[in-house]
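Q: The amino acid sequence is not available; the structure is as follows:
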């Protein structure tokens, strides 16, 4: 007769679940408040969501590094803490934008904020585990909430975007499950550190290694969909176009960050034990992604779609850092995302500045280049701010994204991949063209005649968020070094 297994609360270490439980509890609280008293102003839900995110961030920063919990499903290391902090901080920048406009009714629904918090909890689960099952649960929790948030924009293009995102997400989920099943069938585990031990001991078994590499490639396809890597990127621009401008900016950062952290854990395991085929596959994907997405961005007629392809190109930069599998490369990923966060969210938020009741410039696009023609004559400060964001995204020193790009390029050189650094530099030169194209329209062209229905939405929340983004973009040179030291310490504490 089997004896019962006694597990104490100390062994469960439920404190590792505290941040996720705060987000989930906050989402349920918002739904309960709406159940008892509907019709409350959205400012209440914005403030409540911000409070929950601040408490969540405090719980994350209070965690000890390198501990496990909840039957060893949770892994709280330096990478987990850094990732969760970045997810929560970016979310705190995004949520106040709900107060910027009365036109977008989705922000009036309490369900919007509840879904947003459920999505945050899903992302936190993703980055805080090395168990393939829990990663999948977090991935689907976040994705299902995000599909709905996009559709709540309540426009035909938003429904189309949500359906496309759902379809691609379902494919990604299918490939992820298939790859995980192959790994489990060959190693008998779904926990990455145990999988690594099995593979290390059975490296000489040719049949096993072929199967394992096949499973890894299937997983790489799944992450190709999630990170919109070539050739799985086609859903990205359409989804960004259908979402509201700030949500599109948010989507370009947090979902990709979460998927990147999971990819770092999974593919870093393969590269660590010497499976170079995976490194080569990632390098090929990253080079194709950054190059072809830049070429596609060159021919876009819509600024939002241009920024979407730009985000895909930046994802290619990040994947190259994953292939390096060095402490410097992995630290560069976090530095890149932190600097990219302010600039890209600010750039997408700037699309809200100019409003048009009718689509007077283009029959399909809401943000064609012509809409920004002569902006310096109509709104000088807005043109200067948008130009700063474009120069930063192009990697022009001393603005923020330049430091992320140069650090990852130096990581490639240090790892012996000089050719990769040259490819990155070449792609940065290509991207400068389409970023400068918008600057030319804003500063060197005359305003296009319109029907007089333009007005400018410069509310205090929007001004505050854009102001923070501008400050971080311009002053990045002063805080990059201490930030990098902290990131390197946390990544080093995770064993990478």
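A: That came in fine, so what should we check first? Computed from a predicted structure; not experimentally measured.
Q: Give me the phi and psi angles of the nearest residue to residue 274 once chain neighbours are set aside.
A: Nearest non-adjacent residue to residue 274, counting by C-beta to C-beta, 6 or more residues apart in numbering: residue 203, 7.2 Å away. Glycine gets a C-beta too; all of them are placed from N, C-alpha and C. Taking degrees, to the nearest 10, you get phi -60, psi -20 for the backbone angles of residue 203.
Q: next one: the one 3 residues further on
A: Residue 206 has phi and psi values of phi -60, psi -50 when expressed as degrees, to the nearest 10.
Q: now swap in residue 76 and tell me
A: The phi/psi pair for residue 76 (degrees, to the nearest 10) is phi -100, psi 100.
Q: just checking, it touches residue 17?
A: No: between residue 76 and residue 17 there is no contact under C-beta atoms under 8 Å: 9.9 Å.
Q: could you give me the average pLDDT of whichever helix or strand residue 21 is part of?
A: Using DSSP states H and E, the element containing residue 21 is helix 18-36. Mean per-residue pLDDT for helix 18-36: 88.
Q: got the buried residues for it?
A: 18-20, 22-24, 26-27, 30, 33-34 (16 or more other C-beta atoms under 10 Å).
Q: What residues of the helix or strand immediately after that helix in the chain count as buried?
A: Following helix 18-36 in sequence order, the next helix or strand is helix 42-61 (DSSP H and E). Neighbour counts over helix 42-61 (16+ other C-beta under 10 Å) mark 42, 45-46, 48-49, 52-53, 55-57, 59-60 as buried.
Q: Now do the contacts for residue 283.
A: Residue 283 sits next to 320, 323, 417, 420 when contact means C-beta atoms under 8 Å, 6 or more residues apart in numbering.
Q: Identify the spatial nearest neighbour of the third one, chain neighbours not counted.
A: Leaving aside its chain neighbours, residue 417 sits nearest to residue 324 (6.9 Å; criterion: C-beta to C-beta, 6+ apart).
Q: I'd say residue 408 and residue 319 touch.
A: No: assessed by C-beta under 8 Å, residue 408 is found out of contact with residue 319, at 10.5 Å.
Q: When those two are compared, which one has more neighbours?
A: residue 319 (27 against 24; other C-beta atoms under 10 Å).
Q: Now name the helix or strand holding that one.
A: Residue 319 belongs to helix 303-324, assigned by DSSP H and E.
Q: Of the contacts of residue 283 - the most surrounded one?
A: Per-residue neighbour counts (other C-beta under 10 Å) across these peak at residue 320, which has 28 neighbours.
Q: how far away is that one from residue 392?
A: 20 Å (C-beta to C-beta, to the nearest Å).
Q: if we can go back for a sec, so which of residue 76 and residue 17 has more stuff around it?
A: residue 76 (24 against 20).
Q: Give me the pLDDT for that one.
A: At residue 76, pLDDT is 86.
Q: same deal with residue 494?
A: pLDDT for residue 494: 63.
Q: which regions of the stretch 1-150 of the chain lie under the pLDDT threshold?
A: For the stretch 1-150 of the chain, the stretches flagged by pLDDT under 70 are 1-12, 100-108.
Q: ok, back up a step: can you state the direction angle for the helix holding residue 21 and helix 42-61?
A: Orientation of helix 18-36 against helix 42-61 (axes from the mean of the first three to the mean of the last three C-alpha atoms, to 10 degrees) gives an angle of 160 degrees.
Q: Make sure residue 430 is actually in contact with residue 296.
A: No: with contact defined as C-beta under 8 Å, residue 430 does not reach residue 296; the gap is 10.8 Å.
Q: Which one of those two is surrounded by more residues?
A: A count of neighbours by other C-beta under 10 Å puts residue 296 above the other of residue 430 and residue 296, at 21 against 17.
Q: looking at it, that one is touching residue 310, isn't it?
A: No: applying C-beta under 8 Å, one finds residue 296 not in contact with residue 310, separated by 9.9 Å.
Q: So which residues of the stretch 251-400 of the chain form helices?
A: Under the criterion DSSP state H, counting those that start in this stretch, the stretch 251-400 of the chain contains helices at 254-272, 276-298, 303-324, 327-350, 375-378, 380-393, 400-414.
Q: Out of those helices, flag the one nearest residue 99.
A: Nearest of the helices of the stretch 251-400 of the chain to residue 99, taken as C-beta to C-beta: helix 327-350 at 12.6 Å.
Q: What helices and strands are in contact with that closest one?
A: Helix 327-350 sits against helix 78-94, helix 245-251, helix 254-272, helix 303-324, helix 380-393, helix 400-414, helix 460-474, helix 476-493, with contacts defined as 3 or more C-beta pairs under 8 Å, 6 or more residues apart in numbering; DSSP states H and E.
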